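Peer 1: can't give you the sequence, but here's the structure:
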C-alpha cells in the first residue's frame, strides 16, 4: 500500500478551474438518456452464476465495451480463460473490459472497478415487476442489477461522457476495469490483475470501487468489506430419488443427514460453532468502537425497513460490529430436494446444502475451508451414516480493510460535501467485493469505496432498485470526485 | 368389515367355464394397442399437486370417462366440489369417474379403485427421458405415472375390454371408481364415498385396489398400507429476501430456525423424536414376526437396486417391519430458499420445510397433527427467535390393515398361480393409499390390494416405469382375478 505520508490533500481554495455547475447542469438535462441506457443494460440477463445465461453475459461485456468506445475510451477486451464446470466440461469466462481515458503524466491516474454481471432473479421469487425490465416507479428504478452494479458503472461512464460532451479534459486520467464474474467470486480476475500488474496498473495511483451502498440516507465512504467463503455440502445416498412411503424407514436419508450437519454450523443466538473461527477474529479496539458510536444509524428504521420487530443485537455498536467486522453463517438453500409449491413425497437421493461464512480480518479463506470441512466431516462421522459427504468451498473471497485517514477519503468527503452538502459517514460493508483485497495485495495501490447505492436498494433480493436521485446525483458525485482526487498533491 | 365366516372359497376344480386361454391370447395379440393407450395417458401432465396443471387433470378425467364409455361402461362423472388454495381462492377438484359393467344380482360385485393423477416430474430432476413421453426401452415403459397408477388402471380397463371383445360376460359385476387427487391426499373423495355409501356402494361386495407394487420379482398380495401425515413448517422473518453480506449477522435468519427445528424431528439412527408417536405404535406380535421371516426378500439385491451399501437395519424382519409397520419421518425439501444450481448469497425471508410422517396402527392423524405441532412450537420457543413459525398438516391419510386370511386373498393366490405359476408373497406396503382406510371405515366392505407394478418401478422418483411384462401379464392377472372372485361362495 502506498504510504499516506507520500500524499497530502491540497484543499481546493478556488473552484475557478472546475466548471462544476456546467457539468452538473448537463447531467440534469440528460438524465432521461442515462435512465434509458440503464434500461438497456438491465434488459440483459447477465447472471454469472447460471451457465445457461453465459451468452447474455458475453453480450453484456460487448455492450459495455461498445459504450466505452462511443465516449472515446481506448478499449480492450481481455480474455481471462475458461471456467471448469461441475461436470468436468469448461466454458469461456466473460472477457474483462478495460478502457483508458487520457494519459497525461502530469495528472493522477485512477482506476475505476465495476462489474456488470448480476445475481439470479425470477418473478416467482416474489418480484413485483419483471426483474429484467427496468420499471420507473415513485422515483425508483427497479430491476436486477440496478444498484448492484450496473447503475454505478454507468454513472462512472456518464461522468466521463459529460466531461467529453462539454469538451472539458477530465482532471485525472481514468482507467476502467469492468468484469462479469463478480457475483460468483471474480473467477479469473486475480490472474488478470497479476498479469497486468506492470502494464495496465503501473501508472495507476488510486483504485475506486463503487460496488456497495450507503448505510442510511446520508452518503457514505467505505473503508472495509467482509470476505466470503461459500460452501457446498453435498450428501449423496441412493442412486435415485425414492418414494418416501415405499422406502421411508429402510434407508438413511441424505436430507436428514444434511439438515443434521447444517444445524451444527451456528447457534440460535448467532454463535458460529465451527471451532477456530471466532478465535481468529481481530479484537474490537476502543477507537473502532468510538467510530461506530459516532455513526448516524437508527436501529428502529433499520428494523422497519426490513420488516422485523427484533434484531440479533439491540444496540448500535454491537449491530454494526456484527454487520461489518464479525463473521457470520448464512444458509442459503438446498439443491436437489423438493422446492416447489405443493407436496411431493420424495426421499431426495442427493442434496447440496449451500451456506456461506462472511469472514473478516484476521481470518484466512484457506484456513476457513479446512476448519469447516474438517468440522462438518467430524459432525457427519458421529452420525454413522452410510451416505457420502463432500464439502467444497466454491468461493473464497478475502476481506478488505483500508485506513479511513488516507487522503482518498478526504477527497471523498470534499466531493460529498460539494454535491450533497453533508459530511459522509465513514463505514464498512458487510458484503464482499471479492477483488478489493486482491487489488490491494497485488498492485499495492490505495483503494477507496465510493458508493452511490441507497441503503434500501435490495441488493441480491427481490425488487432490487436504485433511486433516480442516487443514480443522477451519484453521477455528479463521480464528476466531482475526479476533480477532488486531482487535488491530492504528490510530493 | 364382512366377517370371514360368511364366505368360503369354492375351489375351481374344472376351468371349463372359464375361457382363460382365449382371453390371454387376445391380450397377447393386442398388447401394442394397450401400450399405445398408455402412451396417450402418460402424455397428460395430470399432476394434482400443481394447480397450474389443473386443466390437464380435468382432461385426464375426461379421457378416462371416454375410454370407459367406449368399452360399454355406464359412466358417471361425479362433481366433488372445490379445493381452497393457500391464498384463499378456490378451484374445481377433478371429477370422480365411476363406471358400471353388469348388474346381475346372482353375481358378486367388485369395485376397482384407481387414480390417474401423478406426482410432479421434470427433466431437470434427473430423468433420462421426457417424463411425459412414454419411452419403450429394454422391455420397460418409462414415464411419470406409468406404474403409479395409469398402467394398472388401464390394465383393469383392458381386462374388461378383452371380455367384451370376445363377447364373454365378465364373471362378476364390476364397478370402477377412478379419482384424480390421490397424490395429494384424495381431497373430496371421502365425502363422495360417504354420500354414495347407500347407492354406488350398496351392491358392492369387495373392493380391489391396484395402486402398489410387488416386493421382489415374485408377485404379491398386499394386506396393509401406512398412512401419511404431511406437514409444512413455515418460518417467516423479514419482509423480503436479504443480501447475506449486507444483513448477515444482524438478523435471525428464518433458514437457520427452520433447519434447527427440522433437525429435531428424527435422530441419525432413525428414531422419531416427537414425543408420543413411538408409544402409539401397535407392538409386533410373534405371528407377524414369523410372517415377515417367511417372505422371500433379499436385502443384498434391495440395496443394489437403490444403490446403497448399507440400510437402516441389517436384518430382514427389522427392515420389513420399519418399511411397513413402523412410522418414519422423511424431510422432502424446503420451499422459498435458494434451490437452483450455482451460488446465491441470499437470506431467504420465508421458508417452508416439508416433511411427512408415515403412520401406522394405532396412530391417529389428528393426534399426530397435535403432537408434531406442539413439539415443533416448543422446540422453536427454546430458540427465542423473533421469527414466526406456522405448522400445518396438509395431508392426513390413515393407514389400512386387512386380514390376509380373508377369501379375497385366497382368490388372489389362485389368480397369481394361474398366470405366473408361483405362490404370491403376502406383504404390506410402506406407501399410502389414502382412501383404503376410508373405504374400510365407511363402506364396511372387504378390501384387497392386488398390485401389478414391479418392485423397481421408481414410483415418485426419476425414471418411473412399468415393465411391458408386468403391464401385459398384469392385465391377464386381472382377467383371472375376476374369475377367481366369482368362485367365492356366499352362504
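Peer 2: Here it is on my side, so go on. In this text the structure is predicted, and so the values were computed from the model without any measurement. Numbering: from 1, shown residues only, chains lettered A, B, ... in the order given.
Peer 1: Now for the nearest residue to residue A:485 once chain neighbours are set aside, how many residues are close by?
Peer 2: Spatial nearest neighbour of residue A:485, chain neighbours left out: residue A:411 (5.0 Å); criterion: CB to CB, 6 or more residues apart in numbering or on different chains. C-betas here are computed from N, CA, C, even on glycine. For residue A:411, the neighbour count with other CB atoms under 10 Å in any protein chain shown is 26.
Peer 1: ok, residue A:411 - contacts?
Peer 2: Contacts for residue A:411 (CB atoms under 8 Å, 6 or more residues apart in numbering or on different chains) come out as A:9, A:448, A:481, A:484-485, A:487-488.
Peer 1: Distance to residue B:146 and pLDDT for the residues you listed - can I get that in TSV?
Peer 2: Below are the contacts of residue A:411 laid out as TSV (distance: CB to CB, whole Å; pLDDT from 0 to 100):
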residue	distance to residue B:146	pLDDT
A:9	76	43
A:448	63	97
A:481	66	98
A:484	71	98
A:485	69	98
A:487	76	96
A:488	73	96
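Peer 1: and which of those residues is nearest residue B:162?
Peer 2: Proximity of the contacts of residue A:411 to residue B:162 (CB to CB) peaks at residue A:448, which lies at 83.1 Å.
Peer 1: list the contacts for that closest one?
Peer 2: Counting by CB under 8 Å, 6+ apart, residue A:448 touches A:206-209, A:221-223, A:402, A:406, A:408-409, A:411-412.
Peer 1: run the last query once more with 7 Å
Peer 2: Each residue near residue A:448 by CB atoms under 7 Å, 6 or more residues apart in numbering or on different chains is listed here: A:208, A:221, A:402, A:408-409, A:412.
Peer 1: any idea how far the residue nearest the centre of chain A lies from residue A:90?
Peer 2: Centroid-nearest residue in chain A: residue A:433, 4.2 Å away (criterion: CA atoms, centre = their mean). Using CB to CB, to the nearest Å, we find residue A:433 at a distance of 26 Å from residue A:90.
Peer 1: do you know how far the closest residue to residue A:291 other than its chain neighbours is from residue A:288?
Peer 2: Closest residue to residue A:291 in three dimensions, ignoring its sequence neighbours and counting by CB to CB, 6+ apart: residue A:426, at 6.7 Å. To residue A:288, residue A:426 is 11 Å away according to CB to CB.
Peer 1: Between those two, tell me which one has more neighbours.
Peer 2: Remark: of residue A:426 and residue A:288, residue A:426 carries more neighbours, 20 against 17, as counted by other CB under 10 Å.
Peer 1: where's the more buried one relative to residue B:480, distance?
Peer 2: Counting by CB to CB - residue A:426 and residue B:480 are separated by 85 Å.
Peer 1: do the same with residue A:111
Peer 2: Noted for residue A:111: a distance of 83 Å to residue B:480, by CB to CB.
Peer 1: Checking my notes, the residue nearest to residue A:291 in a strand, right?
Peer 2: Yes: counting by DSSP: H, G, I helix; E, B strand; the rest coil, residue A:426 is part of a strand.
Peer 1: could you check the distance from it over to chain B?
Peer 2: From residue A:426 over to chain B the distance is 17 Å, taken as CB to the nearest CB, to the nearest Å.
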